[in-house]
Structure formats: C-alpha cells, structure tokens
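Student: Structure for this input, please:
(chains A and B)
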Amino acid sequence: MPQNQLLEKIACYHCGNDCLSNDFNFDGKSFCCQGCNSIYKVLSSNNLGNYYHYNDHPGINRDGLDKKFDYLSNAEIVTKLIDYRDERTTIVTFYIPQIHCSSCLWLLEQLNNLNPAIHYSRVDFLKKQLIIKFDHKTFSLQQLVELLYDIGYEPVISLQDVIKEQNLAVKDNLVKKIAVAGFCFGNVMLLSFPEYFGLSVYEQAYKYFFGFINVAFSLPVLLYSGRGYFTSAYHNLRNGVLNIDFPLALGIAVLFLRTLAEVLTQTGAGFADTLCGLVFFLLVGKFVQRKTYHHISFERDYRSFFPVAVQVIEDEKEKPVPLAQLRTGQRIIIRCNEIIPADAILLKGNALIDFSFVTGESAPVNKTLGEIIYAGGRQMDKAIELEIVKSVSQSYLTQLWNNEAFSRKQDNRMQTFSEKMSKYFTFALLSIAVASLLFWLPLDYKRGLAAFTAVLIVACPCALALSTPFTMSAVLSIFDRNLFYLKNTRVVEQMATIDTIVMDKTGTITTPENNVIKMQADLSFKQKQLVYSACSNSTHPLSRMLCMHLGDIKQLPVVEYSEIAGKGIVAKINGHHLLIGSGKLSTGHFDEPSHVSVIHIVIDDEYLGYFAASHHYREGLDEIGSLNGDYDLYLLSGDNDHEKNRLLNFFPLVNHMHFNQSPQDKLDFIKSLQQMHTVMMVGDGLNDSGALKQSDIGIAVTDNVNNFSPGCDAILDGRSFKKLPAFLRFSKDAVSIIHASFAISLAYNFIGLAYAVTGRLSPLIAAVLMPLSTVTIISFTTLATHFKARKHKLL
Amino acid sequence: MNILFFLIGCSIMLAFMFLGAFFWAQSDGQNDDLYTPSIRILLDDKKKDAENEK
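Tutor: So this is what the prediction gives:
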C-alpha cells in the first residue's frame, strides 16, 4: 500500500508544506495542492517569479478554490468598504493577515504588473494593510479582491473595520505638540545661557532682548503644547477631582506669569527655559505611555467576525444579501468555513459546526436536519442550506452580546498610585506655598510673592508625573515581547493588587488543538484500517484525533458497533472483534498516567499496544498551580466534571472548582468573590466575556490574537500561558519601582523647596533641577524595570 | 556687536523653517509607517535581470 507511506518528502515550492502526491507539478516544481500550483502559474506568467527568490517558500497555503466574493457586486456594500472614490479612481484599504515576509511586500506592490487598471498599491507591513488605488471603470472591486485571492492574499472584509477606526482615533497631534515644545525648549535654553554665564554691564541691552524672545517662545508652549493640562485640570476640578494635572497646570501658569512679570519689569531673566522643558518632558512622558498594537484591538465585537453578506436563495437563484437585510424565513447557503450569521434551522446538508468562536470548545458538533443552529458557528463540512428563524439582531449571539450584564459600565476600577498620591501632593504643595507667603508677607511682600511662586515652580510634580508613564511603558514593552498585550498601562497596577485568580477551563487551560498523538503499537495497514473504520463512527474527541492521526484510509463496513461512555468502542468489522478505549475496557488495568490519555487497541483478544494522546492542558499549568499559596485559585467550567480528578493535580482545592457554569453563573460568581477580594479572571471566548468584564482585571487567553475577545483588559497569547506567574510577580515589582521613583522625585522636590521657601530661587537652579530630576527618573525606571524583567526571565 | 541681533533673528527664522518642514512631513504621513520602507529598500528590480541571465 503506497498510500500510507511517503517515499520522500518534497516541500511545496510555494508554501513549503509537504507534497503528499505528485499530481501537481509545473515547470519542474512540485506543489502540494491545486491552489499553490495556480498561484505559481499566475505569478510566473506575469514575470513575477522574483517572488520566490527573496524567500524560500514565501506563500501561504490556500485551501478551497470556490470564490465567495459575489457580494462585492452589491453597490451598497462597496461604498461601505472603500476609502475614496471619484469618477475614475477608487482608493481602498484592505487588511491582509497573510502579509509576513519581504516577498509578500514585493508582490503586493507589483500588482500593477498583474493588471494595468491598478495605479499603485502600497503595503503597511506592521499593520498588515494594503492600500490600492485603481480605475473602477475597467476593474471592479470584486475583480480586485478575486485577484488578491488568486495570488494567495485574501483580504479580511468585515462589517466593523476596527483597524480603520483605530487609525482615526489617535489623531490628537501629540507629536506636533512635542515638536513645538522641543523646538521652543532648545531655542530658549540657548538664549538663556548668556544670562547664566553672566552679562557685563555693557551687554544689558541683550538681556532684555533675550528676555522678550524667551517670552515669545513660551507663548506657543503655553497656548498650544500645554493647553491640554489646563483643560484637563479644569474639567477635573469641576467634577471635584484633584488629579496630577492640577499642580502641573498651576506650575505652568505660575512659571509663565512670573517670567512675564520679571521680563516686563526688567527685574530678572524669568523661568522660560524651565517652562518649556517642563512641558516638553511631560508630553514625552505622555507619548511613551501611549501604546498602540497594530494588529490587536480591544474594541472588536461580533460584527468584525461576521461575513458582510450571505448567499440567499430566492426563486432557485443565489444572490448575495447584506446581513442587515436578512429576514426570517429566508433560505441561506453557508459554505465550508463560513460563519452562520443568524439563528437558523438546518434544511439540507451535513452540518458539522465549530462553535469555538462562541464557546471556546473546538470539537465540531454534528447537527441533524430540522435542528436550530445558533449564530456564530462555523460550518466545517460541505455547503448547507438553512432557513433563518431570527434576524441577525435578534439572534442568540447578538442578544448575548447586547445583554446588560455584558455591556455593564466599568465603575469598580481602582485608582492608580499617582492618582491617589497627587491628591495629597497638591494639598501639601498648596499649604507650603501659602505658608511661605504668609511667613514673608509682614517682612517683605515682594519676597513673599517670590517665595510663593518659587514653591509652585520648583515643586511642580514633573518627575512624579513621569515616573508612572516611563515605568509602565517599559513594563508594557517587556510584556509585549512576551506575547502579553495589555489594554493600557493602568492594567499593570491592577494586576499587582489582585489576590484571587479565577480560571475558565475550556480554551483557557486547555488548548483548542490537541493533535499530539503517539503510536505505541505496531499495527499493520490492515489493522490500522480496522481501527480507523471503528473510530470514524465515533464523535468522541479522542476518536477524532485518532482518525486524523491515521490519515485518510478507506473505510470498511462496520457490522456491530457500540460506544460505552467513558470507556471506549466495541465493534465488529470484517469478522474481527475490536476493543478500542481506556484500560478499564480493554485490559482491565486502572492505573493510567495522569499527563496522557491512553487508547488501548485490542483486536481479536490480542493486545496490540496503545495510542498516547498528551493531555490538552496548556504547557505550564503546573506553574499556575504553584500560585496557590499567594493567590486563591478558582476554576469555573461550562463543562461537566469528568476531568475533575485530573484537574486536582493543578487545583488542589475541590471546593474551588465549579462545573456546569453558564455565562451568567460565572459573572455572578465573580461578583460574589468581589465582596471580599480583588479578582482576576482568565478566560476565553464569548461565554466568558461577562465574567471578564465584571472582574477587576480580565485576561483573555487566545491562540490567535486577532480572535474575538470582548470585555477583556489584556490578551495573552496561549504560547506564553506558562509565564503568567512571572507576569504577576513582575507587575508587583513594577509598582514598587513606581514607589521608589516617587521617593526620588520627592527628594528632588525637597532640595528645590529648601531654596524656594527663602524666596531666593535663582532661575539657574530651577533650570538645572528640573531636567536633572527628569533624567534621573527616566534612567532609574528604565534600568530597574529591565533588571527586574531579567530576574523573572522575561527578557 | 549689534550684528548679534541680526544673526539671532536669522537663526530663529532658519529654525522656524525646519519646524515648518517637520510639520509638513508629519501631516503628509511621512512618519505613519516607519517600518515598511526598511524592507522595501532591500527589494530591487535589478534582481530580476540577474536571475534571468543565469
């Protein structure tokens, strides 16, 4: 039987997969499938063979050949997708997740060689976007998408374009503000040097000239760059909140007024350089704190995963209809790998639905004719016909999403350290300033005013305001490197405060793919065929794994078949008697290793060996168990408790495991825990989203960061699951780094205050102190964070 | 030394031109994608001829 043994492994010229047959050869090159072969044909016939020279096997395997872009002929959908259109040209941006190497870039920017109607195409590599300008008179959007599909780069087209929304959101001109502040800071500093080095009596004319220029330079800093601090301080005061922006705005205002007064009265040089430097450093702090992930969005909801349109059958004809126009009673066709957009009844075909998108459980479910299939499932088999029973907005998934509990506003989030401290800081600052004013007032009102303003200037919490952003941005980039993506810097501080961890089971501590199976049996092909035929009748996950492992073998007719729940399969095929299953069934042994599932094979009363399937628990679950001392660990599962005993190895407390939990149960459970504890929820899938949102910090574990993870504060790539304890410890360290840098900046403030309260603060001291404290804080936080990260093996 | 007033005026004018250039580049989207050009520059069209000659 040559079928089951590969003579030699040939890698597909296009995608690098193993070629399983010799059917697809072209130009003396081997391909694994028709898809790869046809991509090569398209490229080589257009002299784009260079694609294969930049990288080995640059392509992405493309399975399936049916094109499903008919809906792009619908004008209404097209207008939603394009960026710009005039009489002749259209500009459109596509998100293409397949972009991964320089060959992709090269090919996608050569699209005009494939079709002259394309004017240009530009790739944004990190965002995985392609911007195309084309002539829509000769080339339709549908043709364009089909062309992209033909060369193996199928764009993701969805109703909710998160990427575009994100691009729009971040335009607040922060970079321009920094540029203005930095520009003025540099100029003012140069113009202040003569004053600091001392001007002779003959050069006094320059002094006033420089002073006026300095005031002129501080105006744009005050009015343009620093404007945000004034508006924020005003809004917070109106809401009765004292945040750090208030002393900052006060400091900026006092700096400017005193500079203006000194220059106008020609009594001094003023503090223009301190003012510009302050605003510049503050804005830089704001800039580093802003973290953008190009490919991750925390704002995705179900819409970005639903198809844009579905094929509806009307009068025996298929036609694409946008989702919003779907009505109950319509008959739709769902092809392989398409998502069912609305609750529907199965009319025709073999439905094998993967609900992993909704539940996190990846084993596909068989549905029988006449059964209702809920929206969100993905058809894995051939095309099926369905009749819609509920419109998209009324369907189970959409309802779940719109449920009040799931969209609850977040009001239980804690205050950050700097928010807490800035309240006390502001009070202390104001009382010192007023005290020094009152102290000097009876003696010398000028000196009193000087002391009052000097206190506000020197104690302006610049270093304090920078310690959190610089520490947090360093922490975030270290997390990022370890495939742990946080929504914002605030989450780090929340992570440090939790004392209780709740885990979901399916999809969170288990992996969705579990094809690690080892054969510990010497089976002939005939015997394999027998095993395959028996297992292919079973829907048990292990049987499916076994079938997949054995590959495509011709099935034999099964005469007798029975499946004993929890034990295995008894079958009679071709006169052979088969026992396939656990030790209890086949050998009578009970002792089984806890880290693998074993499937024993007995044919005709002869024990032939076993298949070992490693447990589909994520790597590093033992280490999670080690957190048990420091944190309360809980396990919530929507499944029944058949894995309870195995899970006891990791979660030692039986009463901390809860099974058969509905999404609402999970949410309520978290709520009850929150009476006493700060809770972190680790989950995945839509069924956890309510609990994720309710918890103090919700982490979504996913194997594909582009997946659907609503309601979470952080997304953890499944490969880094084992580092979760290190992440938790590191976040605690990060908070202590912030505390330490807070102490450092306070020390600087005290030095400055010692000068300020005497009323004799020279501009030079302020000008040195401010950048010095800033540089100290930045280098301390960066070094300390990297040191701690190395300690926890995160670097 | 009155020439200093003129020189400082000139230098500030010059500095404003650079600031203007930066603003222009920023609003033109020059800094939107800082990664892709680093790959693009490695891809040259001449490679095609070299491969054909082989």
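Student: Looking at chain B, what residue ends up closest to chain A?
Tutor: Closest approach between chain B and chain A, counting by Cβ to the nearest Cβ: residue B:36, at 4.2 Å. For the C-beta atoms, the positions are set from N, CA and C on the backbone; glycine is no exception.
Student: I'd guessed that residue sits against residue A:127; true?
Tutor: No: with contacts counted by Cβ atoms under 8 Å, residue B:36 stays clear of residue A:127, the gap being 9.1 Å.
Student: If you rank every helix and strand of chain A by mean pLDDT, what lands last?
Tutor: Across the helices and strands of chain A, mean confidence by mean pLDDT, DSSP states H and E is lowest for helix A:162-169: a mean of 55.
Student: in the next helix or strand after that helix, what's buried?
Tutor: Downstream of helix A:162-169, the next assigned helix or strand under DSSP states H and E is helix A:174-197. Residues of helix A:174-197 classed as buried: A:174, A:176-189, A:191-192, A:195 (neighbour count, 16 or more other Cβ atoms under 10 Å in any protein chain shown).
Student: Could you do stretch A:741-758 as well?
Tutor: A:741, A:742, A:744, A:745, A:746, A:748, A:749, A:752, A:753, A:755, A:756, A:757.
Student: Closest one of those residues to chain B?
Tutor: residue A:741 (29.3 Å).
Student: ok, and the closest non-adjacent residue to that closest one?
Tutor: residue A:467 (3.8 Å; Cβ to Cβ, 6 or more residues apart in numbering or on different chains).
Student: For the longest helix anywhere in chain B, give me every contacting residue.
Tutor: For chain B, the helix reaching the highest residue count under DSSP state H is reported as helix B:3-27. For helix B:3-27, contacts defined as Cβ atoms under 8 Å, 6 or more residues apart in numbering or on different chains pick out A:175, A:176, A:179, A:180, A:183, A:187, A:191, A:206, A:209, A:213, B:31.
Student: Show me what the helix or strand that it is followed by is packed against.
Tutor: Going down the chain from helix B:3-27, the next helix or strand is helix B:36-40, by DSSP H and E. Here helix B:36-40 touches helix A:102-108, going by 3 or more Cβ pairs under 8 Å, 6 or more residues apart in numbering or on different chains; DSSP states H and E.
Student: Not counting the helix it packs on itself, show me its contacts.
Tutor: A:43, A:48, A:50-52, A:54-55, A:58, A:96, A:98-99, A:121, A:123, A:125, A:130, A:151, A:153, B:36, B:39-40, B:42-43.
Student: Contact partners for residue 39?
Tutor: Looking at chain A here, since you left the chain open. Contacts of residue A:39 by Cβ under 8 Å, 6+ apart are A:14, A:59, A:62, A:150, A:151, A:152.
Student: Actually, chain B is the one I wanted.
Tutor: Residue B:39 touches A:102, A:105, A:125, counting by Cβ under 8 Å, 6+ apart.
Student: and chain A, which residues reach chain B?
Tutor: A:47, A:49-50, A:53-54, A:102, A:105-106, A:109, A:123-127, A:175-176, A:179-180, A:183, A:187, A:191, A:203, A:206, A:209, A:213 (Cβ under 8 Å from any Cβ of the partner chain).
Student: Skipping adjacent residues, who's closest to residue A:222 in space?
Tutor: Closest to residue A:222 by Cβ to Cβ, 6+ apart is residue A:256, at 5.2 Å.
Student: just residue A:570 next, same as before
Tutor: residue A:562 (5.2 Å).
Student: Give the other helices and strands that the strand or helix carrying the one you found contacts.
Tutor: Assigned by DSSP H and E, residue A:562 belongs to strand A:558-564. The helices and strands touching strand A:558-564, judged by 3+ Cβ pairs under 8 Å, 6+ apart, are helix A:525-535, strand A:568-573.
Student: Given whichever helix or strand comes after the last one, what are its sheet partners and their directions?
Tutor: Scanning forward in sequence from strand A:568-573, with DSSP H and E defining helices and strands, the next element found is strand A:576-581. According to DSSP bridges, strand A:576-581 forms sheet pairs with strand A:568-573 (antiparallel), strand A:596-603 (antiparallel).
Student: Quick one: residues in contact with strand A:576-581.
Tutor: A:530-531, A:534-535, A:543, A:564, A:567-572, A:585-586, A:599-605.
Student: same thing with stretch A:187-195?
Tutor: A:203, A:206-207, A:210, A:213-214, A:217-218, A:269, A:272-273, A:276-277, A:763, A:767, B:8, B:12, B:15.
Student: Now, of the residues you listed, which are buried?
Tutor: A:206-207, A:210, A:213-214, A:217-218, A:269, A:272-273, A:276-277, A:763, A:767, B:8.
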